[in-house]
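[1] need coordinates for the below:
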Amino acid sequence: MKSNLSNLGGLAEAKSTSLLHDHQGDAVKQCVQEPFREIHKGDARRLLELPDKHVDLVVTSPPYWRKRDYGFEGQIGQEKTSDEYVINIITAMAEWRRVLRPSGSVFLNIGDIYWRKSLQGIPSLVEAHARRAGWILRNRIIWVKKGGIPDPVQDRLTGRHEYILHFAVNSYYYDLFGYAERYSLGQKGANPGDVWEIAPQRNVGKHLAPFPSEIVERAITLACPQFVCSKCGKPRRRIVERTAELDISRPQARRALEIAREKNLTPEHIAAIQATGISDAGKARLVQNGTDRNAESVRKLALEAKMMLGGYFREFTFAKRKSCGWTDCGCGAPFMPGVVLDPFMGTGTTLDVANRMKRSAIGIDLDLSQVKEEA
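    Okay, here's the model as predicted:
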């Protein structure tokens, strides 16, 4: 059931020189190459095989500090101090920044460790150094390890989580709508949270902690475009518009629609409510600002609608959104798949997941003995 206000639009989340309201299938027809898979032996701090601005997303998990010696001189993870380890991670990130496109991101799973009874705080150190190096820390995702391995320690609590740090530089690609559709099925209209409950992979070969494939899937869904212009390197971004359609399984939403019809509220009224949000109502007036950025006519319509709806106006502030197309940079060049890089490739999980999701994949590691050659 849809409200007669459901033709409301005009609040797109993504903008471009040219907006093509087509289906993703149309983009597939323009894609001139299949996703590729490259494997290189090398150091995460020196990506000599890769040109500048070549990668859309880095998803990786460096070796834990002082956990396992893989037998390579100068390897990351065997530094004398945790500070030296962090500096090496930041050095590697500088090289990743070189190969990232302006719309690129890094999802870094970084583990902490106890040394001489003291937790080292490695994720916090990486965050601080990365910010000073010019990175934007967009999210600190908590990975809750469901069904973790028992820990025999008797003088502290068992660690059951790690961090996944999302770093970006500029106007990074981000498909929150697509992610919510896939991972927030039981929370209609809700912005997905930053806690991921994912069971760890079991130990495989020499690698201490193989990367769970679901972490890679989530990162790619959020931050790696399906298609990128082969000429300018810009990603196709999803165009999302707000509607006036509510979740009628909620009694409050049904009542809000009833009042809106009874009072003959127009799509312009609902658009005004969505433009002003809750920042001009109740206690929010004391702690938020921003409504003055709206035109006087918008504020007037919003006030009128909120007076008629009472507290039910809030239902329209989180009305359903819809995907209505994909941006086009206007170059007229063919599109290519987004590119995912894992500079600590390990067993190759990131590459397998990326190829399965129709993205190109590049893996780099000092030890190629554990990786599968084919996805």
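[2] and what about the nearest residue to Leu222 once chain neighbours are set aside, helix, strand or coil?
    With C-beta to C-beta, 6 or more residues apart in numbering as the criterion, Leu222 has its nearest non-adjacent residue at 4.9 Å, and that residue is Tyr179. Bear in mind the C-beta positions are built from the backbone N, C-alpha and C, glycine included. The three-state label for Tyr179, taken from DSSP: H, G, I helix; E, B strand; the rest coil, comes out as helix.
[3] how near is Tyr179 to Ile141?
    Per C-beta to C-beta, to the nearest Å, Tyr179 is found 12 Å from Ile141.
[4] what sits against the residue nearest to Leu222?
    Tyr179 makes contacts with 192, 218, 221-222, as judged by C-beta atoms under 8 Å, 6 or more residues apart in numbering.
[5] quick check: phi and psi on the residue nearest the centre of the chain?
    With distances taken as C-alpha atoms, centre = their mean, Leu222 lies nearest the centre of the chain, 3.5 Å away. Torsion angles at Leu222 (phi, psi; degrees, to the nearest 10) stand at phi -80, psi -40.
[6] report all helices and strands that the longest helix seen in the chain contacts.
    The helix of greatest length in the chain, counted in residues with DSSP state H as the criterion, is given as helix 82-99. Counting by 3 or more C-beta pairs under 8 Å, 6 or more residues apart in numbering; DSSP states H and E, the packing neighbours recorded for helix 82-99 are strand 55-60, strand 100-110, helix 122-132.
[7] which parts of the last one are buried?
    Residues of helix 122-132 classed as buried: 122-123, 125-127, 129-130 (neighbour count, 16 or more other C-beta atoms under 10 Å).
[8] the inter-axis angle of it versus helix 82-99?
    With axes from the mean of the first three to the mean of the last three C-alpha atoms, to 10 degrees as the basis, helix 122-132 and helix 82-99 are set at 50 degrees to each other.
[9] hmm, Val353 is touching Glu217, no?
    Yes. Between Val353 and Glu217 there is a contact under C-beta atoms under 8 Å: 5.7 Å.
[10] tell me which of the two has more neighbours.
    Set side by side, Val353 and Glu217 show unequal neighbour counts under other C-beta atoms under 10 Å, the larger going to Val353 at 25 against 18.
[11] walk me through the domains of this protein.
    Domain assignment for the chain, taken from automatic domain parsing, gives 33-226+338-365, 246-319.
[12] separation between the residue nearest to the centre of the chain and Trp196?
    From Leu222 across to Trp196, the span is 11 Å (C-beta to C-beta).
[13] would you map the helices across the stretch 251-375 of the chain?
    Using DSSP state H, counting those that start in this stretch, the helices of the stretch 251-375 of the chain run over residues 251-262, 267-276, 284-287, 296-309, 314-317, 349-356.
[14] neighbouring contacts of the last one?
    Outside helix 349-356, the residues within contact range by C-beta under 8 Å, 6+ apart are 35, 37, 39, 59-60, 201, 210-213, 216-217, 220, 224, 340, 342, 345, 360-363, 371-372, 375.
[15] report the buried members of the residues you listed.
    Among the contacts of helix 349-356, the ones that count as buried by 16+ other C-beta under 10 Å are 35, 37, 39, 59-60, 201, 210-212, 216-217, 220, 224, 340, 342, 345, 360-363, 371.
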